[in-house]
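Enquirer: dropping the sequence and predicted coords here.
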Amino acid sequence: MDVREIDRDSADVFGDIVATAFGYPPAVAPLAGQTVGRPGWRHYLAYAGDTPIGSAAMYVSGETAWFGFAATDAAHRRRGAQRALVIRRLLDAAAVGCSRVSVETAEDALSRTLPHSGTCAASGSRSSIRDRITSGLARSDTARQDNDTRET
């Protein structure tokens, strides 16, 4: 999974992915893309080959980062796009000095009318967040390999 930070040139693609993935009307797409390139904001797209399949954003204020706009095209879900986007944003947040991260999530249900605003947070020193990300990835990869071995 290739994750790229984007600029205003990709704002339309970003907005389209957000609107489509959440089932919003097409008129919402330009609104979602309006934050791209604004101060404090960083936006990302996940690619499968040359095709953008997922979006995510990070807003940084002082030592705190907020993660939102996480969306994946329905045809490409469960392939690791959001995992890759979360990892990239966590690493970027640590790199710019964030010691706290707040993550907004949405309920994955066809019947919902508004996103569910669940929040989880991580805090600590920049190096401790980076260390926790790295050790968590290692545990996750080991668990995945163990599961793959059991399935074969």
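Expert: Perfect, thanks for sending it.
Enquirer: next, the distance between the ends of stretch 36-51.
Expert: 19 Å (CA to CA, to the nearest Å).
Enquirer: tell me which residues of that stretch come out buried.
Expert: Val36, Arg42, His43, Tyr44, Leu45, Ala46, Ala48 (16 or more other CB atoms under 10 Å). Just so you know, the C-beta spots here come from the backbone N, C-alpha and C atoms, and that holds for glycine as well.
Enquirer: quick one: the helices in this protein?
Expert: 11-21, 28-33, 81-95, 126-151 (DSSP state H).
Enquirer: mean pLDDT for those helices: which is lowest?
Expert: Note on the helices of the chain: helix 126-151 shows the lowest mean pLDDT, a mean of 51.
Enquirer: name the residues that touch stretch 32-47?
Expert: Stretch 32-47 has contacts (CB atoms under 8 Å, 6 or more residues apart in numbering) with 1-8, 10-15, 17-19, 52-61, 69, 72, 81-82, 84-85, 88-89, 92.
Enquirer: which among those count as buried?
Expert: 1, 3, 6, 10-11, 13-15, 17-19, 52-60, 69, 72, 81-82, 84-85, 88-89, 92.
Enquirer: turn the buried residues of stretch 36-51 into CSV, columns for pLDDT and distance to Val96.
Expert: Converted to CSV, the buried residues of stretch 36-51 look like this (pLDDT from 0 to 100; distance: CB to CB, whole Å):
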residue, pLDDT, distance to Val96
Val36, 97, 18
Arg42, 98, 9
His43, 98, 15
Tyr44, 98, 14
Leu45, 98, 19
Ala46, 97, 20
Ala48, 95, 27
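Enquirer: just checking: what are the partner strands of the longest strand along the chain?
Expert: As assigned by DSSP state E, the longest strand anywhere in the chain is strand 51-61. Its sheet considered, strand 51-61 pairs with strand 41-48 (antiparallel), strand 64-72 (antiparallel) by DSSP bridges.
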